[in-house]
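S.K.: My questions are about this predicted structure, shown below with the sequence.
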Amino acid sequence: MKKISPPPLTKLRRLVLELLVQAKEPIKAYDLLEIIQRKGGPRLTPSTIYRILEYLENQGLIHRVNSLAAYVACDQGLADCHSFLVVCPLCFKTTEINDAKLYHSIFDRLSDLGLAESLGGAEIRGVCPQCATNQATP
Ligand SMILES: [Zn+2]
Ligand SMILES: [Zn+2]
């Protein structure tokens, strides 16, 4: 699959994206504000960080994890990501499942019902292997 290169990012947008890529787990907007400041970055207002996150989300570079009110870097790096996010209810680790066929078959079914809009950011709860192991051995 051809990788679509995103448009050039401003310094701040790039910084936020890099933080999310490095974290490999969902981060809340307010925690991002704190991390940026701790790293000696500018003191951003919540509305600034939300604007940046909204931009990155619209570019398909990150996903909003609605159930956690947090953001996670898209691990596909594709503008047309067709992913489901599987969120572990115990450690909040998020795994991205990219399956265009599955996505479209659900999308088409929703479309039939007039519910197409509801699929964006679809999330599934699933205990991750690490937590499953921890649970099995008390
Ligand atoms: Zn994605
Ligand atoms: Zn877990």
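M.R.: Everything's here; your move. Small disclaimer: the values here were computed from a predicted structure and weren't measured. Residues are numbered from 1 along each chain as shown. Ligands and ions are numbered 1, 2, ... in the order given.
S.K.: can you tell if the helix or strand of the chain with the lowest mean pLDDT touches ligand 1?
M.R.: Lowest by mean pLDDT, DSSP states H and E among the helices and strands of the chain is helix 100-112, with a mean of 85. No - contact of helix 100-112 with ligand 1 is not found when judged by Cβ under 5 Å from the ion; the minimum separation is 10.7 Å. To be clear about C-beta, it is placed using only N, CA and C from the backbone, and glycine gets the same treatment.
S.K.: Where do the strands of this structure begin and end?
M.R.: In the chain, the strands defined using DSSP state E lie at 62-65, 70-73, 83-87, 94-98, 123-125.
S.K.: ok now do the residue nearest in space to the middle of the chain, which residues does it touch?
M.R.: Closest residue to the average C-alpha location of the chain: H63 at 2.6 Å, with Cα atoms, centre = their mean. Contacts for H63 (Cβ atoms under 8 Å, 6 or more residues apart in numbering) come out as 57, 71-74, 81, 83, 85, 96, 121.
S.K.: Mind doing that once more with 10 Å?
M.R.: Contact partners of H63, counting by Cβ atoms under 10 Å, 6 or more residues apart in numbering, are 20, 26, 56-57, 70-76, 81, 83, 85, 94, 96, 120-121, 123.
S.K.: Hmm, R64 and L20 touching each other?
M.R.: No - L20 is beyond contact range of R64, at 11.2 Å (criterion: Cβ atoms under 10 Å).
S.K.: what is in contact with these two at once?
M.R.: Counting by Cβ under 10 Å, 6+ apart, the residues touching both L20 and R64 are 26, 53, 56, 70-72.
S.K.: Name the member of those that has the highest neighbour count.
M.R.: Highest neighbour count within these: Y71, with 28 neighbours (other Cβ atoms under 10 Å).
S.K.: Give the closest residue to L20 in space, chain neighbours not counted.
M.R.: Excluding its sequence neighbours, the residue lying closest to L20 (Cβ to Cβ, 6 or more residues apart in numbering) is A73, at 4.1 Å.
S.K.: residues near the closest residue to T48 other than its chain neighbours, how many?
M.R.: Leaving aside its sequence neighbours, T48 sits nearest to L12 (Cβ to Cβ, 6+ apart; 7.9 Å). By the other Cβ under 10 Å criterion, the neighbourhood of L12 contains 17 residues.
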